[in-house]
Each structure stands twice: as C-alpha cells, then as structure tokens.
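Asker: Sequence plus predicted model, see below.
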Amino acid sequence: MLDDTDRRLLRYLQDDPEQPVSALADAARVPTATAARRIERMRADGIIRATRAVIDWAALGYAVEVSLRVTLEKAQARAFDEFLDAARAVPEVVELQTFLGRVDVRLSIIARDMRHYQALYRESILTLPHISEIEALMQVAPVSARQGLPL
Amino acid sequence: MSWDATDIALLRALTRNAALGTGDLGRVIGLSQPATWRRLKKLREAGVLHGARLDLDAEALGFGVTVFLGIKLATRGRVSLEDFERAISAIPEVQRVDHVLGLYDYRVRVVARDLADFERVLRRRIMTLPGAGDIESNVLLSEEHRDGPLGALL
C-alpha cells in the first residue's frame, strides 16, 4: 500500500520525471536513500510503469494532427476487432482509444501537411472496415498537457 | 533537418524507456556512448525530444475512470477563451486540454476515482465554468499508444 510519502514523491516526480533522485528527495523533504528505495519499490510493484520520452511530431515534420471519432456498425459481431486490427496497420495512427458513449473508437492520426492528411484520409482511413460514421476534430493547439494524476 | 534510421531507433528506445543512460542506449542501437550522446543532443536541440512523462498505473493508484469530453463554448465571442482555458486547466482532475476545430471547441481528458467522482467533477467544476455549453462525455475503455511513423520509417 502507498503512504503519504510515496504519493508526495510521485507528485513531484510526475512534474519532472527526469530530475535526479537527490532533487526529488529535497522537494519531497525525505532523505535521498529513502526516495531512491521507495521509487525503486514502486517501479518493481508496477505502480511506475516507465518514464517515456515525449516526441514532438511537429518537429519531426508532422505538422497536422487530427482526432477521428468513429462510430462502428455494431450489428457486425467482429466489427471492433477487425476495425482495430486494420487501424493498427496504418503507420500514421499514433493513438487508439475505445469508448463507452456516443463514440466507439477514437484514432489520433498525424500527417505532414493538409495534402498528406487528405490522401491518408481517403486511402487509409475511409477504407477501414465497419465504419458507420466518422467525424474529424483538427488539433489547433494543446492548451495544457499535464497528463499527471491528481495525487 | 533530416533523421536517419539510427535516430528513429533511438527515439523508439526512448519512448519505451527514457531513463536509460547513454551507455545502455548505445548498446540498444549499436553506437558508442559519445556518438549516442551527440545524436541525443541534436534531437533535443531540434525539439524532437520534448521532455518525458511518467507512465503510472492509474488504476492501482485509485483512478479507475478516464473520460474524454467534447466541449462547445456557449456564447462564442462573449467569453474570453483565455479565461475558459485557464479555469479548466486548473481543475486537478483535468489531465489534458486541446483546442480543436470541428464539432467541438475543446477536447478534454479527465481522470476520476469512479463514475460518481467523475459526476461530481463534471457537475461542480466543469458544467459551472463560464462559457461551457454543450458537453459530450465518452468513458475510456482501452487505450494504446502506437509507434506511429517511427515504426514505418525503419
């Protein structure tokens, strides 16, 4: 079970996952050895899965990001699996999410520019199986991307 | 700036584990430590590597529900976008806010302990925001992050 010290460490660590343990320990007001031991334990327990690099796709040349909200033909028993398998094969798909709600699946896709997006949309997205409805939300700008948990 | 297959392999390794040192990273992609360090520096300077995020097991930490909201502003033009953005970003349960074009004005990711907790956040914090109009909620069932073009470029 996690105690207040663990939660405090996680709170500071998620603000800056790359800081050295000594800085983290100072911020959380615990000895460095304690911080190191507890972080190690939370990694071993799977509470901390990984520290992952964040890639700026725009800096890699992918300036366009679109969120595609898809409703599937649910009369087809295998619609979900077949749609997801086909979507995974599209290299420009960077995120796949399934939902309970009005939308069944959301795909995040990236493209070099609007022309590239249009080609992708026609050739790789509209050809995916079992789509009943599809709606596009174009990313204008991230307002905040804290991504952390309110620990 | 153009990137080769080794840069892409480096990025892939870092999206799996950004905590690796340059020595370990170099072994994964088959480069010496100094050569790995130079490439990392270039990727950072070009802004391709944009920090890191901690991947936590939200459920084990007591956050069992993630909901995506589509929010349409009610009185466009009369509400300050900045005020709305600042207010919604300040809600602790809000993990991410994106300004989008289309059916909605904002896409918002919210995390909560359970559905009752989510309802509390939605009713007390989000629906009461000045300017919040039509709100659609979709409860997340599963999520996958893909390598994207990093997988195909190799």
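Answerer: Thanks, I have it.
Asker: Helices of chain B, residue ranges please.
Answerer: In chain B, the helices defined using DSSP state H lie at B:5-16, B:22-29, B:33-45, B:81-89, B:115-120, B:149-152.
Asker: which stretch among those comes nearest B:S142?
Answerer: helix B:115-120 (16.9 Å; Cβ to Cβ). Bear in mind the C-beta positions are built from the backbone N, C-alpha and C, glycine included.
Asker: can you tell if the closest one touches chain A?
Answerer: No: using Cβ under 8 Å from any Cβ of the partner chain, helix B:115-120 stays clear of chain A, coming no nearer than 10.4 Å.
Asker: for stretch B:56-68, same thing?
Answerer: Yes: counting by Cβ under 8 Å from any Cβ, chain A has neighbours in stretch B:56-68: B:L56, B:D57, B:A58, B:A60, B:L61, B:F63, B:F68.
Asker: circling back to that earlier point, with respect to burial, which of the helices of chain B scores highest?
Answerer: Mean neighbour count (mean count of other Cβ atoms under 10 Å in any protein chain shown) peaks for helix B:5-16 among the helices of chain B, with a mean of 19.
Asker: how about the CA coordinates for it, as PDB?
Answerer: The C-alpha coordinates for helix B:5-16 follow below in PDB (Å, rounded to 0.1, in the frame of the first residue of the first chain):
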ATOM      1  CA  ALA B   5      17.200   5.100 -39.200                       C
ATOM      2  CA  THR B   6      19.500   5.300 -36.200                       C
ATOM      3  CA  ASP B   7      17.900   8.500 -34.900                       C
ATOM      4  CA  ILE B   8      14.500   6.800 -35.300                       C
ATOM      5  CA  ALA B   9      15.700   3.700 -33.400                       C
ATOM      6  CA  LEU B  10      17.000   6.000 -30.700                       C
ATOM      7  CA  LEU B  11      13.600   7.700 -30.400                       C
ATOM      8  CA  ARG B  12      11.800   4.400 -30.300                       C
ATOM      9  CA  ALA B  13      14.000   3.200 -27.500                       C
ATOM     10  CA  LEU B  14      13.400   6.400 -25.500                       C
ATOM     11  CA  THR B  15       9.600   6.200 -25.900                       C
ATOM     12  CA  ARG B  16       9.800   2.800 -24.200                       C
END
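Asker: what angle do it and helix B:22-29 make?
Answerer: Counting by axes from the mean of the first three to the mean of the last three Cα atoms, to 10 degrees, helix B:5-16 lies at 120 degrees to helix B:22-29.
Asker: Show me the shaky parts of the chain.
Answerer: Unless you meant another one, I'm taking chain A. Residues of chain A that meet the criterion pLDDT under 70 lie in A:146.
Asker: other chain: chain B
Answerer: Checking chain B against pLDDT under 70 turns up B:1, B:76-77, B:152-154.
Asker: any idea which residue sits dead centre in chain A?
Answerer: A:E95 (6.2 Å; Cα atoms, centre = their mean).
Asker: tell me the SS of the spatially closest residue to that one that is not a sequence neighbour?
Answerer: Spatial nearest neighbour of A:E95, chain neighbours left out: A:S108 (3.8 Å); criterion: Cβ to Cβ, 6 or more residues apart in numbering or on different chains. Three-state call for A:S108 (DSSP: H, G, I helix; E, B strand; the rest coil): strand.
Asker: how many neighbours does A:S108 have?
Answerer: Residues near A:S108, counting by other Cβ atoms under 10 Å in any protein chain shown, number 20.
Asker: Contacts only, for it.
Answerer: Residues in contact with A:S108, defined by Cβ atoms under 8 Å, 6 or more residues apart in numbering or on different chains, are A:E65, A:V66, A:S67, A:L68, A:V93, A:V94, A:E95, A:L96.
Asker: Kindly report the same for B:Y104.
Answerer: Applying Cβ under 8 Å, 6+ apart, the residues contacting B:Y104 are A:L137, B:G70, B:I71, B:K72, B:D134, B:E136.
Asker: distance between the helix or strand encompassing A:I39 and the chain's centre?
Answerer: Element membership for A:I39, per DSSP states H and E: helix A:32-44. With Cα atoms, centre = their mean, to the nearest Å as the basis, helix A:32-44 stands 26 Å off its chain's centre.
Asker: Is the closest residue in space to A:S67 that isn't next to it in sequence in a helix, a strand, or coil?
Answerer: Closest residue in space to A:S67, ignoring its immediate chain neighbours: A:L137 at 4.4 Å, by Cβ to Cβ, 6+ apart. Secondary structure state of A:L137, per three-state DSSP, is strand.
Asker: what's the span of stretch B:97-105, first residue to last?
Answerer: Counting by Cα to Cα, to the nearest Å, you get 10 Å between the two ends of stretch B:97-105.
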